[in-house]
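Novice: my questions concern the predicted model and sequence given below.
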Amino acid sequence: MATTKAKTQDPKQKIEDACHLAEEATSEAVNSLKDKTKESLNEGSEKIKSVANQTESIIKEHPLLSVGCAFLAGWAISKLIK
């Protein structure tokens with residue numbers, strides 16, 4: 001009877017070990033994906049800030065051209081909607 005208990009506990013222990021290893025691997029994968037996502041978001045944020053600053057400086061350098069482009073874009077959109 002003692003050998004039967006030892007045999008039934010061994011597969012149970014293997015399953016528990018496998019579950020624990022799967023949990024650790026999943027946790028590591030999630031943390032890695034989270035870190036990569038944060039890096040991508042930070043890079044994207046920096047690019048957006050850079051483009052916004054460039055756009056702002058262009059608008060300040062050429063205000064009349066900027067207003068004219070905005071007017072033409074609005075006119076074109078209104079024609080497309082009709």
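Specialist: Perfect, I can see it now.
Novice: give me the number of residues near Ala25?
Specialist: Other residues within reach of Ala25 by the criterion other C-beta atoms under 10 Å amount to 10. C-beta: built from backbone N, CA, C; applies to glycine.
Novice: check it and give its pLDDT.
Specialist: The pLDDT attached to Ala25 in the predicted structure is 92.
Novice: what segments of the protein are strands?
Specialist: Ranges of strands within the chain: none, based on DSSP state E.
Novice: low-confidence regions, the chain specifically.
Specialist: Scanning the chain for pLDDT under 70 picks out the ranges 1-9.
Novice: tell me which residue is most central in this structure.
Specialist: When the chain is reduced to its mean C-alpha position, the nearest residue by C-alpha atoms, centre = their mean turns out to be Thr37, at 4.0 Å.
Novice: and that one, how close does it get to Asn31?
Specialist: Plainly put, Thr37 is 11 Å away from Asn31 if you go by C-beta to C-beta, to the nearest Å.
Novice: same check on Leu72?
Specialist: Taking C-beta to C-beta as the measure, Leu72 falls 49 Å from Asn31.
Novice: for Ala18, same thing?
Specialist: Relative to Asn31, Ala18 is positioned 20 Å away (criterion: C-beta to C-beta).
Novice: do Glu16 as well
Specialist: Using C-beta to C-beta, one obtains 23 Å as the distance from Glu16 to Asn31.
Novice: and what of Asn53?
Specialist: To Asn31, Asn53 is 33 Å away according to C-beta to C-beta.
Novice: and if you look at Ala22?
Specialist: 15 Å.
Novice: ditto for Ala76
Specialist: Summarising the geometry, the distance separating Ala76 from Asn31, computed by C-beta to C-beta, is 47 Å.
Novice: cool, and Ile15?
Specialist: Taking C-beta to C-beta as the measure, Ile15 and Asn31 are separated by 25 Å.
Novice: can you check Ile48 too?
Specialist: Distance from Ile48 to Asn31, by C-beta to C-beta: 26 Å.
Novice: same thing with Lys14?
Specialist: Taken as C-beta to C-beta, the spacing of Lys14 relative to Asn31 amounts to 26 Å.
Novice: over to Ile77?
Specialist: When distances are taken as C-beta to C-beta, Ile77 and Asn31 turn out to be 45 Å apart.
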